[in-house]
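Student: after the sequence you'll find the predicted model.
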Amino acid sequence: MARNTLSSRFRRVDIDEFDENKFVDEQEEAAAAAAEPGPDPSEVDGLLRQYPSPERAQSVVLKVLTNFKSSEIEQAVQSLDKNGIDLLMKYIYKGFEKPTENSSAVLLQWHEKALAVGGLGSIIRVLTARKTV
(Lines give C-alpha, C1' and ligand atoms only; values in the text may rest on other atoms or scores of the structure.)
Protein backbone atom coordinates (compact mmCIF):
# COMPACT_ATOMS: atom_id res chain seq x y z
CA MET A 1 0.00 0.00 0.00
CA ALA A 2 1.33 3.43 -0.92
CA ARG A 3 2.00 5.94 1.77
CA ASN A 4 1.43 9.66 1.38
CA THR A 5 4.65 11.45 2.34
CA LEU A 6 3.56 14.93 1.34
CA SER A 7 6.92 15.36 -0.35
CA SER A 8 7.41 18.42 -2.52
CA ARG A 9 10.91 17.60 -3.79
CA PHE A 10 9.63 16.94 -7.28
CA ARG A 11 8.63 20.58 -7.55
CA ARG A 12 12.27 21.72 -7.35
CA VAL A 13 13.16 20.14 -10.70
CA ASP A 14 13.43 22.69 -13.48
CA ILE A 15 11.76 20.99 -16.44
CA ASP A 16 12.94 23.71 -18.81
CA GLU A 17 16.46 22.44 -18.23
CA PHE A 18 15.55 19.24 -20.06
CA ASP A 19 14.12 21.00 -23.11
CA GLU A 20 15.51 19.47 -26.33
CA ASN A 21 15.87 22.86 -27.96
CA LYS A 22 18.33 23.95 -25.25
CA PHE A 23 20.41 20.76 -25.44
CA VAL A 24 24.04 21.33 -26.49
CA ASP A 25 26.18 18.39 -27.44
CA GLU A 26 29.48 18.08 -25.54
CA GLN A 27 31.35 17.41 -28.78
CA GLU A 28 30.07 20.66 -30.24
CA GLU A 29 31.33 22.55 -27.16
CA ALA A 30 34.74 20.88 -27.44
CA ALA A 31 34.98 21.75 -31.14
CA ALA A 32 34.06 25.37 -30.42
CA ALA A 33 36.69 25.57 -27.67
CA ALA A 34 39.34 24.07 -29.96
CA ALA A 35 38.56 26.62 -32.66
CA GLU A 36 39.42 29.52 -30.32
CA PRO A 37 43.00 30.74 -30.69
CA GLY A 38 45.40 29.88 -27.87
CA PRO A 39 47.66 32.32 -26.01
CA ASP A 40 50.48 34.02 -27.82
CA PRO A 41 53.80 32.15 -27.25
CA SER A 42 55.54 35.38 -26.25
CA GLU A 43 52.95 35.91 -23.51
CA VAL A 44 53.52 32.40 -22.17
CA ASP A 45 57.28 32.95 -22.17
CA GLY A 46 56.82 36.19 -20.23
CA LEU A 47 54.64 34.47 -17.64
CA LEU A 48 57.18 31.71 -17.17
CA ARG A 49 59.89 34.28 -16.54
CA GLN A 50 57.67 36.21 -14.15
CA TYR A 51 56.85 33.19 -11.98
CA PRO A 52 59.88 31.14 -11.01
CA SER A 53 59.87 27.38 -10.92
CA PRO A 54 59.50 25.64 -7.55
CA GLU A 55 63.13 24.47 -7.73
CA ARG A 56 64.32 28.03 -8.26
CA ALA A 57 62.17 29.28 -5.39
CA GLN A 58 63.58 26.54 -3.16
CA SER A 59 67.14 27.47 -4.00
CA VAL A 60 66.48 31.17 -3.33
CA VAL A 61 64.87 30.45 0.04
CA LEU A 62 67.69 28.10 1.00
CA LYS A 63 70.24 30.77 0.05
CA VAL A 64 68.42 33.35 2.18
CA LEU A 65 68.20 30.99 5.17
CA THR A 66 71.91 30.13 5.00
CA ASN A 67 72.93 33.80 4.80
CA PHE A 68 71.29 34.66 8.12
CA LYS A 69 73.57 35.04 11.11
CA SER A 70 72.80 32.49 13.81
CA SER A 71 72.12 35.29 16.30
CA GLU A 72 69.40 36.76 14.03
CA ILE A 73 67.49 33.52 13.40
CA GLU A 74 65.40 33.64 16.57
CA GLN A 75 64.29 37.22 15.97
CA ALA A 76 63.33 36.40 12.37
CA VAL A 77 61.28 33.37 13.45
CA GLN A 78 59.57 35.37 16.22
CA SER A 79 58.33 37.88 13.63
CA LEU A 80 56.41 35.21 11.69
CA ASP A 81 52.76 34.29 12.19
CA LYS A 82 51.42 30.71 12.33
CA ASN A 83 51.15 30.36 8.54
CA GLY A 84 54.62 31.82 8.10
CA ILE A 85 56.08 29.30 10.55
CA ASP A 86 54.37 26.46 8.66
CA LEU A 87 55.73 27.72 5.34
CA LEU A 88 59.20 28.07 6.84
CA MET A 89 58.98 24.47 8.10
CA LYS A 90 57.98 23.31 4.61
CA TYR A 91 61.08 24.93 3.15
CA ILE A 92 63.25 23.54 5.95
CA TYR A 93 62.09 19.99 5.27
CA LYS A 94 62.45 20.53 1.52
CA GLY A 95 66.02 21.67 2.19
CA PHE A 96 66.66 18.48 4.18
CA GLU A 97 65.58 16.47 1.11
CA LYS A 98 68.30 17.99 -1.07
CA PRO A 99 71.15 19.13 1.18
CA THR A 100 73.97 21.26 -0.09
CA GLU A 101 77.27 22.07 1.52
CA ASN A 102 76.71 23.19 5.16
CA SER A 103 72.96 23.63 4.61
CA SER A 104 71.90 20.88 7.02
CA ALA A 105 73.57 22.54 10.01
CA VAL A 106 71.93 25.88 9.24
CA LEU A 107 68.55 24.24 8.61
CA LEU A 108 68.76 22.45 11.95
CA GLN A 109 69.23 25.81 13.67
CA TRP A 110 66.19 27.20 11.83
CA HIS A 111 64.22 24.05 12.71
CA GLU A 112 65.06 24.39 16.39
CA LYS A 113 63.86 28.01 16.53
CA ALA A 114 60.75 27.34 14.41
CA LEU A 115 59.85 24.36 16.61
CA ALA A 116 60.16 26.51 19.72
CA VAL A 117 57.69 29.05 18.28
CA GLY A 118 55.35 26.81 16.26
CA GLY A 119 55.35 23.73 18.44
CA LEU A 120 54.75 20.16 17.34
CA GLY A 121 51.55 21.21 15.58
CA SER A 122 53.61 23.00 12.98
CA ILE A 123 55.54 19.84 12.15
CA ILE A 124 52.36 17.78 11.95
CA ARG A 125 50.70 20.34 9.66
CA VAL A 126 53.71 20.31 7.35
CA LEU A 127 54.03 16.54 7.21
CA THR A 128 50.31 16.00 6.58
CA ALA A 129 49.79 18.88 4.15
CA ARG A 130 48.79 17.91 0.64
CA LYS A 131 50.29 21.03 -0.89
CA THR A 132 54.07 21.14 -0.79
CA VAL A 133 56.58 23.76 -1.80
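Tutor: Sure thing, it's come through.
Student: where does pLDDT dip in this structure?
Tutor: Where the chain drops to pLDDT under 70, the residues are 1-11, 13-51.
Student: which helix runs longest in it?
Tutor: Longest among the helix segments of the chain by residue count, using DSSP state H, is helix 103-128.
Student: list the buried ones in it?
Tutor: Of all the residues in helix 103-128, those buried under the rule 16 or more other CB atoms under 10 Å are 103, 106-107, 110-111, 113-115, 117-118, 122-123, 125-126. Bear in mind the C-beta positions are built from the backbone N, C-alpha and C, glycine included.
Student: let me know the closest of the residues you listed to Glu55.
Tutor: Nearest to Glu55 out of those is Ser103 (CB to CB; 14.8 Å).
Student: now do the helices in the chain.
Tutor: Counting by DSSP H, the helices of the chain are 26-35, 41-50, 54-67, 73-78, 82-97, 103-128.
Student: can you put the ones you listed in CSV and add distance to Arg12?
Tutor: Rendered in CSV, the data for the helices of the chain read as follows (distance: least, CB to CB, whole Å):
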stretch, distance to Arg12
helix 26-35, 25
helix 41-50, 44
helix 54-67, 46
helix 73-78, 54
helix 82-97, 41
helix 103-128, 39
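Student: any idea how far the nearest residue to Phe68 once chain neighbours are set aside is from Ala129?
Tutor: Among residues not flanking Phe68 along the chain, Ala76 sits closest, at 6.5 Å (CB to CB, 6 or more residues apart in numbering). Ala76 sits 22 Å away from Ala129 when distances are taken as CB to CB, to the nearest Å.
Student: more neighbours: which of those two?
Tutor: Ala76 (17 against 12; other CB atoms under 10 Å).
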